[in-house]
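Asks: Following is a predicted model, sequence given first.
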Amino acid sequence: MKELEIRNYFTNSLKEEDLDKIIKVGQVVANGLTLEKGTPADYYMERFQIVGVITETLIETSEILDIEIPKVGKIYEWGDIKSENVYFGITALAEPDEIKFSPTYLKRIALGFNRKGPGSNNEINSLVNTAAHEMFHVWQWREFPEKSQKDFENYTKWYIYAMQNSDFSLNEIPKPKSEREAIEFGKQIEKARKELKNNYFK
């Protein structure tokens, strides 16, 4: 996916989204994340913003990648301390038909919105980047299942090794081409959305 294609999409997408589609996808995101179970009761705006940003990003990237929007869920359940330790450092994971977010990551984003306001660019950009990154992995899983499976298994082996060896950082894990491409796609979507917002509000 070339940066020019992404820029052109955002440049030409200053149109009102289909409200029915936004509501439908938003419900899928909200039901999958169950943020009300893992965030304080008064975090209404924070939860609304998280669901909204992820929903918009899934819709946009599904159109750019020409794929159906996958299901949305969690890597593990809220309050599962053992799994929090196992999946430390992982913000989200993608499968061919589902994107799973880390409750630890979502909790950190919600706290950031609470401290800095629902319009905090750091939290918004992080959600956009993460959701776009995983949508690219969904596309990879569907287009190149065997290669994606192989890369996933190798990446998992390195991750387990890093978790078991304190002298090896998670940042040192060798990244396969599929991961590098997803990282670049996430960055491009984040950049294009920021530029669109800046131009739109001039």
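Replies: The structure has been received and is ready for your questions.
Asks: so what's residue 181 up against?
Replies: With contacts defined as CB atoms under 8 Å, 6 or more residues apart in numbering, the neighbours of residue 181 are 136, 140. The way it works is simple: take the backbone N, C-alpha and C, and place the C-beta from them, glycine included.
Asks: buried sites along whatever helix or strand it lives in?
Replies: Here residue 181, judged by DSSP states H and E, is contained in helix 177-200. Within helix 177-200, the residues that count as buried by 16 or more other CB atoms under 10 Å are 178-179, 181-182, 185-186, 188-193, 196.
Asks: chain center to that helix: distance?
Replies: From the chain centre to the centre of helix 177-200 is a distance of 12 Å (CA atoms, centre = their mean, to the nearest Å).
Asks: Report the mean per-residue pLDDT for that helix.
Replies: Confidence over helix 177-200 (mean pLDDT, whole number) is 84.
Asks: CA atoms only for that helix, dumped as PDB, please.
Replies: The C-alpha coordinates for helix 177-200 follow below in PDB (Å, rounded to 0.1, in the frame of the first residue of the first chain):
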ATOM      1  CA  LYS A 177       8.500  -8.300   6.500                       C
ATOM      2  CA  SER A 178       4.700  -8.600   7.200                       C
ATOM      3  CA  GLU A 179       5.200  -6.900  10.600                       C
ATOM      4  CA  ARG A 180       7.300  -4.100   9.100                       C
ATOM      5  CA  GLU A 181       4.700  -3.500   6.400                       C
ATOM      6  CA  ALA A 182       1.900  -3.300   9.100                       C
ATOM      7  CA  ILE A 183       4.000  -0.900  11.100                       C
ATOM      8  CA  GLU A 184       4.400   1.400   8.000                       C
ATOM      9  CA  PHE A 185       0.700   1.200   7.100                       C
ATOM     10  CA  GLY A 186      -0.300   2.200  10.700                       C
ATOM     11  CA  LYS A 187       2.100   5.200  10.500                       C
ATOM     12  CA  GLN A 188       0.800   6.300   7.100                       C
ATOM     13  CA  ILE A 189      -2.900   6.100   8.300                       C
ATOM     14  CA  GLU A 190      -2.000   8.100  11.400                       C
ATOM     15  CA  LYS A 191      -0.100  10.700   9.400                       C
ATOM     16  CA  ALA A 192      -2.800  11.000   6.800                       C
ATOM     17  CA  ARG A 193      -5.600  11.400   9.400                       C
ATOM     18  CA  LYS A 194      -3.600  14.100  11.200                       C
ATOM     19  CA  GLU A 195      -3.000  16.000   8.000                       C
ATOM     20  CA  LEU A 196      -6.600  15.800   7.000                       C
ATOM     21  CA  LYS A 197      -7.700  17.100  10.400                       C
ATOM     22  CA  ASN A 198      -5.200  20.000  10.200                       C
ATOM     23  CA  ASN A 199      -6.300  21.000   6.700                       C
ATOM     24  CA  TYR A 200     -10.000  20.600   7.500                       C
END
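Asks: roughly how far apart are the residue of the chain positioned farthest from its centre and residue 161?
Replies: Within the chain, residue 167 marks the point farthest from the mean C-alpha position, 28.6 Å out by CA atoms, centre = their mean. Residue 167 sits 11 Å away from residue 161, going by CB to CB, to the nearest Å.
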